[in-house]
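Trainee: Structure, please.
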Amino acid sequence: MAQRKLTMRKIKEILRLKWVLRLSDRQVGASLKIGHSTVGEYIKRAQRAGLDWSQVEKMEETELKGKLFPPKEPDHKQRSQPDWQQIEVELQSKGVTRMLLWQEYIAEHPDGYGYSQFCERYRR
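Mentor: Down below sits the predicted model:
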């Protein structure tokens, strides 16, 4: 089941209860009617961002959101490209399937494309 996102106001309250009142994760969770693991997750996010209560208290909600949920870095890792012309030739042979060719490709390049991406790129 997907989690609902908490409001920044509620996240700020988690941090206040934890850092100012020094409540346990379970006590904070019970107080705000959320799971203790959710409390722990937001505390970890704040710690990874290098925040403390004096900083959080002065922050606008949009700034806090930017610190707790930084944009993800795109995956620029270059994957090994199969020889698409060779694959086209091999697919003409009897009994050769895309799955078989992908298995050979992934055996040579373990960090290569998954099967669905392999097929999608072949189609293009």
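
Trainee: Now residue 106. Nearest residue, chain neighbours left out?
Mentor: residue 112 (5.5 Å; C-beta to C-beta, 6 or more residues apart in numbering). Glycine gets a C-beta too; all of them are placed from N, C-alpha and C.

Trainee: Show me the domain layout of the chain.
Mentor: 8-68, 84-123 (automatic domain parsing).

Trainee: so which of these is the most packed in?
Mentor: Of the domains of the chain, the one with the most neighbours on average (mean count of other C-beta atoms under 10 Å) is domain 8-68, at a mean of 15.

Trainee: Pull the distance from that one to the chain's centre.
Mentor: 20 Å (C-alpha atoms, centre = their mean, to the nearest Å).

Trainee: and the gap between residue 115 and residue 55?
Mentor: Shown here: residue 115 relative to residue 55, a distance of 46 Å by C-beta to C-beta, to the nearest Å.

Trainee: residue furthest from the geometric center of the protein?
Mentor: Centroid-distance maximum for the chain: residue 94 at 41.4 Å, with C-alpha atoms, centre = their mean.

Trainee: Show the pLDDT at the residue nearest to residue 70 when sequence neighbours are not counted.
Mentor: The shortest distance from residue 70 to any non-neighbouring residue, by C-beta to C-beta, 6+ apart, is to residue 49 (7.7 Å). Looking at residue 49, its pLDDT reads 92.

Trainee: residues in contact with residue 49?
Mentor: Contact partners of residue 49, counting by C-beta atoms under 8 Å, 6 or more residues apart in numbering, are 67, 68, 70.

Trainee: Swap in 10 Å and give it another go.
Mentor: When contacts are counted by C-beta atoms under 10 Å, 6 or more residues apart in numbering, residue 49 touches 55, 56, 64, 66, 67, 68, 69, 70.

Trainee: on contacts alone, who are the packing partners of the strand or helix carrying the first one?
Mentor: In this structure, residue 55 is located in helix 53-58 according to DSSP states H and E. In this structure, helix 53-58 packs against helix 8-19, helix 36-48, helix 61-68, with contacts taken as 3 or more C-beta pairs under 10 Å, 6 or more residues apart in numbering; DSSP states H and E.
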